[in-house]
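1. No sequence on hand, only this structure:
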């Protein structure tokens, strides 16, 4: 298994664990007020911003740990360049990831008229999660099956 395949697997697992762990951490803090109370908007704003920061920091730490572990176990360095295949796979992963997020964004905005604003935040957060998973799975798929 190549470095890129292992990194994609670690990325999928870490995204799922970060999202689930953060969701379990924030769920008990959900306010019990009405659907349009100021506490609800504060909660979801804090949720999104904190999830973004935690996710970035966790991905950086996981990437560093993965590279250290990879180097110790295989005695090889991380590849210092990307060839055309790597770039094509990365572009396809970005495309699929953005497509999933834009579909979630459009769904969230279209349901905002008929549903409470909490649904919008939930759909946006979930579409961001699914976009991240889709990008990692796309990379893994193309490294296994080719372009």
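-> Arrived safely. Note that this is a predicted model, so its numbers are computed, not measured.
2. which element follows the helix or strand hosting residue 69 toward the C-terminus?
-> Counting by DSSP states H and E, the element that carries residue 69 is helix 38-74. Using DSSP H and E, the helix or strand that directly follows helix 38-74 along the chain is helix 84-111.
3. Same question for the following helix or strand past that next one: list its buried residues.
-> As assigned by DSSP H and E, the chain's next helix or strand after helix 84-111 is helix 117-145. Applying a neighbour-count criterion of 16 or more other Cβ atoms under 10 Å, one finds 120-121, 123-125, 127-140, 142-143 buried in helix 117-145. The way it works is simple: take the backbone N, C-alpha and C, and place the C-beta from them, glycine included.
4. cool, stretch 104-112 as well?
-> For stretch 104-112, the neighbour count (16+ other Cβ under 10 Å) marks 104-105, 107-108 as buried.
5. Low-confidence ranges, the protein, go.
-> For the chain, the stretches with pLDDT under 70 are 33-36.
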